[in-house]
Every structure is written in C-alpha cells, then in structure tokens.
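Q: Model the following, please.
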Amino acid sequence: MVRSVRSPEGTGDADRALLARLTAFLAAEKVLTAPIAWTDTNGDLRFTASLDIDGVTEEGLLLFGRAIAALPDREVILGLRWTRGPARFDHFDRFNWRPMDAHNNKGLGPADLRFRLFDGTHRHPLALNAALDMGLSQAMADNLPVAVPVLPEPAGWEAFLAIAAEQWRIHDLVHTPHPPWQYGLLPLTGGEGRGGRKRGRDT
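A: Here you go, the predicted structure:
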C-alpha cells in the first residue's frame with residue numbers, strides 16, 4: 001500500500017501544512033521498504049530508498065544517499081527528500097558526514113548559530129530551517145541553509161549511521177552498507193569533491 005502526499009505550493013498556509021506533514025513523518029517510526037543498494041556512475045555513488053510507516057509506503061518522501069568513490073570515509077550526504085512533482089524535489093532534513101568543505105550558517109538561524117563555521121559532520125534539521133523568515137519552501141529550495149554540528153564527531157561509518165538512525169527514527173538504517181569506495185584512487189581536491197562543482201545543491 002502506498003500513501004500519497006499532496007504537493008502544496010506557495011507560502012503561508014501551504015508551508016504550515018507541509019511542515020506539519022514533514023514533522024509528523026520525522027517523528028514516526030520508519031523502516032526501509034527494501035535493503036539499500038548503492039549505484040556507481042563514473043565514481044558518483046548514490047542510492048534512493050522509500051520508507052514505510054505501519055506497513056504503508058510514504059509516496060514522495062524518500063531517503064537519499066550520496067558519496068564519491070575517490071573520497072573514502074569523507075563527503076557523504078544522507079538526506080530526506082520531499083518530491084514535488086516529476087524531477088522536482090527538495091531535501092527537508094540532511095546530514096553531511098565528514099564534508100570536504102566547511103559549512104557557514106552566515107547570519108541565519110538562532111543567535112548562537114549565526115556565522116558559525118562547521119568543518120565536521122553536521123545536520124541541517126527541518127525545524128530550524130522551517131523557522132527562518134524566508135519560509136519552509138524557500139529554505140528547502142535554498143538547500144537548508146542552517147546547520148548544527150554533530151558532536152562528538154562520529155568515529156566511523158557505523159557510528160554515523162547510528163546517529164542518523166536514532167534522530168530520524170529509521171532504526172534499520174544502521175544496516176546500510178559502506179559506499180563502494182575505491183581506496184586506491186588519488187583523493188579529489190577542491191570543488192571536485194562535489195562532482196566538479198565548488199558549491200551548489202547536494203543532489
């Protein structure tokens with residue numbers, strides 16, 4: 001069985017309805033619909049997985065993963081996505097594990113997080129980004145600009161998965177296999193760590 005998600009557009013009431021839907025999704029106990037399998041496209045490693053709540057697949061709400069084959073144990077993204085239509089989607093909550101580039105919140109978010117620079121593992125949580133003056137839809141379109149550090153820094157892949165599984169309430173996420181990293185390759189530098197782009201959407 002598949003539960004559909006209506007795609008609200010615009011701001012105001014639509015943002016509030018979307019926030020309520022996504023918050024409820026985060027709070028619910030979820031399980032993977034099928035085991036995760038990474039795909040490798042010229043060193044770009046990705047997966048997309050659907051999630052079930054009480055035996056019902058949540059249509060349009062997906063778990064996404066990305067890594068770079070030449071960057072073992074670095075630069076991994078795990079995100080929860082809301083699909084707005086064909087080939088249209090946004091992350092609404094995201095983890096960045098051991099990123100190559102530091103993240104700066106700039107002047108956004110709560111006072112204690114503004115202009116904070118995080119060079120380690122961090123999370124871009126739904127609640128903090130939804131509270132921005134720009135509104136939830138725009139914050140999602142802007143790739144969730146506010147992050148918080150994950151402390152202490154996860155010691156390894158399994159420790160990182162355990163944190164994401166607990167905070168997202170996807171307990172079988174801990175069984176996600178390592179990305180098929182290629183340890184013999186020379187590490188990429190600069191923007192190459194993001195698929196050739198120095199900055200941009202984590203897609």
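
Q: got a list of what the residue most central in space within the chain touches?
A: Geometric centre of the chain, nearest residue: G79, 1.8 Å, by Cα atoms, centre = their mean. If you count contacts by Cβ atoms under 8 Å, 6 or more residues apart in numbering, G79 has them with 63-65, 91, 93-95, 202. In short, each C-beta sits where N, CA and C put it, glycine included.

Q: And what about it, helix, strand or coil?
A: Three-state call for G79 (DSSP: H, G, I helix; E, B strand; the rest coil): strand.

Q: Tell me the spacing between it and L173.
A: 12 Å (Cβ to Cβ, to the nearest Å).

Q: Could you do P154 as well?
A: On the measure of Cβ to Cβ, P154 and L173 end up 13 Å apart.

Q: So between the two, which is more surrounded?
A: Taking other Cβ atoms under 10 Å, P154 and L173 do not tie; L173 has more neighbours (23 against 19).

Q: and the more buried one, which of the three is it?
A: Per three-state DSSP, the secondary structure class of L173 is helix.

Q: That one reaches A165, doesn't it?
A: Yes. The criterion here is Cβ atoms under 8 Å, and L173 meets it with A165 at 4.0 Å.

Q: Could you give the number of residues near P177?
A: Counted with other Cβ under 10 Å, P177 comes out at 11.

Q: Isn't it up against I36?
A: Yes. Counting by Cβ under 8 Å, I36 is a contact partner of P177 at 6.8 Å.

Q: related to what we said a few turns ago, hey, what's in contact with both of L173 and A165?
A: When contacts are counted by Cβ under 8 Å, 6+ apart, L173 and A165 have no shared neighbour.

Q: Now L144. Its backbone dihedrals?
A: phi 60, psi 80 (degrees, to the nearest 10).

Q: Can you report how many residues lie near it?
A: Neighbour count of L144, defined by other Cβ under 10 Å: 24.

Q: got the contact list for it?
A: By Cβ under 8 Å, 6+ apart, the residues touching L144 are 91-94, 124, 129.

Q: Just the buried ones among those residues, please.
A: For those, a burial check counting by 16 or more other Cβ atoms under 10 Å picks out 91-94, 124, 129.

Q: can you tell me which residues contact the nearest residue to L80 once chain neighbours are set aside?
A: Counting by Cβ to Cβ, 6 or more residues apart in numbering, L80 lies nearest to D93, which is 4.6 Å off, once chain neighbours are set aside. D93 sits next to 22, 26, 79-80, 123-126, 144, 168 when contact means Cβ under 8 Å, 6+ apart.
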